[in-house]
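*Asks:* dropping a prediction and its sequence here:
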Amino acid sequence: MKTNSTSTEILIIASMLAPLAYLALVWNQLPAEIATHYDLNGNPNDWVPRQTAAICIGSLSALLYVVLRFMPAIDPKGQLQTLNYQKLRFVITLFFAAIMGWVFYMASHPADGKLSTGMLLALVGLLLAGMGNYMTTIKPNWFVGIRTRWTLQSESVWRKTHRMGGRLMVVGGLLSAILALVVPMPYTIGVVVSLLLAVAIIPVIYSYVYFRQEKAHQLN
């Protein structure tokens, strides 16, 4: 992939449109209302009309594309015009499309709640792992990354935090995907969400600790 190349945009746009194309394909097989929320046992407890779901997914897809496409143009640091960022855009768009496609698949092919909820959580875990793969080398910017007051004050803290945090995201995301499919209900959501929260919190704590260590070393 070349930075901002036509082929990159075609892949991203194709990924964005894929769930909408699938929605059109299975439209007549969908029930009048689509489940949008599940309880801890994987049972649906909230629904929306399929027309509303289609409009929401289309709007979210378009918004996601516009935000990710033009974010580099408004980054004051100018660090997002990179090949790495374009790959990150593709990963985010691809897994968002997969999650939306799975929602519509389950609506047209009803199955047990464990499979539905577990697969959605697994896709979220894989998205996290995919993002972590590119987070390790992302440069300081105003919008993307582990942005704490400590990473923003020091490039070395930013670099080390993202190396550690990116690897943690990959491991935590893959582990979350596995646990989402094997942990029995009603513990699935609690276990996976707890792991994802740990993946989010640990890099923040690490950035603070490393920043303090760096400042102490400078004073000495």
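*Replies:* It's in. Residues are numbered from 1 along each chain as shown.
*Asks:* helices or strands up against the longest helix belonging to the chain?
*Replies:* Longest helix of the chain, by residue count under DSSP state H: helix 188-219. Judged by 3 or more Cβ pairs under 8 Å, 6 or more residues apart in numbering; DSSP states H and E, helix 188-219 is in contact with helix 113-135, helix 155-182. Placement of C-beta: from N, CA and C, glycine included.
*Asks:* would you list these in JSON lines and tack on distance to Gln218, mean neighbour count and mean pLDDT?
*Replies:* Formatted as JSON lines, the helices and strands packed on helix 188-219 follow (distance: least, Cβ to Cβ, whole Å; neighbours: other Cβ atoms under 10 Å; pLDDT from 0 to 100):
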{"stretch": "helix 113-135", "distance to Gln218": "26", "mean neighbour count": "21", "mean pLDDT": "88"}
{"stretch": "helix 155-182", "distance to Gln218": "11", "mean neighbour count": "19", "mean pLDDT": "95"}
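*Asks:* redo the ones you listed as a markdown table? Include distance to Pro203.
*Replies:* Below are the helices and strands packed on helix 188-219 laid out as a markdown table (distance: least, Cβ to Cβ, whole Å):
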| stretch | distance to Pro203 |
| --- | --- |
| helix 113-135 | 9 |
| helix 155-182 | 3 |
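*Asks:* and the next element down the chain from the lowest-mean-pLDDT helix or strand in the chain?
*Replies:* Among the helices and strands of the chain, strand 33-38 carries the lowest confidence by mean pLDDT, DSSP states H and E, at a mean of 79. Using DSSP states H and E, the helix or strand that directly follows strand 33-38 along the chain is strand 44-49.
*Asks:* now that following strand and helix 113-135, what's the angle there?
*Replies:* 80 degrees (axes from the mean of the first three to the mean of the last three Cα atoms, to 10 degrees).
*Asks:* how about residues contacting strand 44-49?
*Replies:* By Cβ atoms under 8 Å, 6 or more residues apart in numbering, the residues outside strand 44-49 that reach it are Ala32, Glu33, Ile34, Ala35, Thr36, His37, Tyr38, Asp39, Cys56, Gly113.
*Asks:* the fifth one and Arg50 touch, don't they?
*Replies:* What that stands for is Thr36. No. Thr36 lies out of contact with Arg50 (Cβ atoms under 8 Å); the separation is 10.8 Å.
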